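Peer 1: the following comprises the amino acid sequence and a computationally predicted model.
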Amino acid sequence: MRWGELPQIRVNFLFLAVVTLLLLTDRQGVAAHTLAASLFHECGHLLLLACFGVRPREIALCAHGIRCSLPGGQRLSYRQEGAVLLAGPAVNLLLAALLWAFGGPHAFYALLANLVTGCFNLLPCRPLDGGRLLALWAGRKNSPFLLRFVSLLSGFCSAGLLALGGFLLLCGGNFALLLTALVLAAEALAQSWN
């Protein structure tokens, strides 16, 4: 792939369904801020990939974020991959800090969306960045026990998010956390079968 070529962009139906559902059912007025925080998060990953001189062959928009396919079997080193995984949450946390310092009261929802997005993505649940970082570390240690532990931790984290999302929905909140937890639980289940 030459630098002048754009990567192929593929949009998953679930991505469109989740975004549409979130926007249509947003009662608190935070969905747009959350989607913007998610966009900045993903741009952080892509920006660091570009800093390493890597251009994705394909970018797939999925229900839980983006997936990049690298050209010709190109791989990142462990450190590069770890840095790329941390770049998304780092962008969100940096934006939250800047909004706290300079945003004023009108920036509260944007600050909150970036803070929650950054912290949420550091949870030890695959396919979130925190879970992928743990899996990367366990894979580098080449320990079947650690890989199984990361898989179980991801499953427990998904189950906890499902329970919390269900509880919040019953208490009159919106279903965004429950929907997110369902997607993460399905992904954790699929990865545990592999």
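Peer 2: Received, thanks. Residues are numbered from 1 along each chain as shown.
Peer 1: how deep is the residue nearest to Gly103 when sequence neighbours are not counted tucked in, by neighbour count?
Peer 2: Nearest residue to Gly103, sequence neighbours excluded (Cβ to Cβ, 6 or more residues apart in numbering): Leu111, at 6.0 Å. Glycine gets a C-beta too; all of them are placed from N, C-alpha and C. For Leu111, the count of nearby residues is 21 (other Cβ atoms under 10 Å).
Peer 1: ok, now Pro144?
Peer 2: Applying other Cβ under 10 Å, we find 9 other residues in the vicinity of Pro144.
Peer 1: the longest helix in the protein is where?
Peer 2: The longest helix of the chain (DSSP state H) is helix 144-170.
Peer 1: in that one, which residues are buried?
Peer 2: Leu146, Val150, Ser151, Leu153, Ser154, Gly155, Cys157, Ser158, Leu161, Leu162, Gly165 (16 or more other Cβ atoms under 10 Å).
Peer 1: one step back: look up which helix or strand the residue nearest to Gly103 falls in, please.
Peer 2: If you go by DSSP states H and E, Leu111 is part of helix 108-120.
Peer 1: what's the first helix or strand after that helix?
Peer 2: helix 129-141.
Peer 1: if we can go back for a sec, what's near enough to touch the residue nearest to Gly103?
Peer 2: Going by Cβ atoms under 8 Å, 6 or more residues apart in numbering, Leu111 touches Ala96, Leu99, Trp100, Gly103.
Peer 1: and the nearest residue to Leu122 once chain neighbours are set aside, what does it touch?
Peer 2: Excluding its sequence neighbours, the residue lying closest to Leu122 (Cβ to Cβ, 6+ apart) is Gly130, at 4.2 Å. If you count contacts by Cβ under 8 Å, 6+ apart, Gly130 has them with Asn121, Leu122, Leu123, Pro124.
Peer 1: can you say which of the residues you listed are buried?
Peer 2: Buried subset of those (neighbour count, 16+ other Cβ under 10 Å): Asn121, Leu122, Leu123, Pro124.
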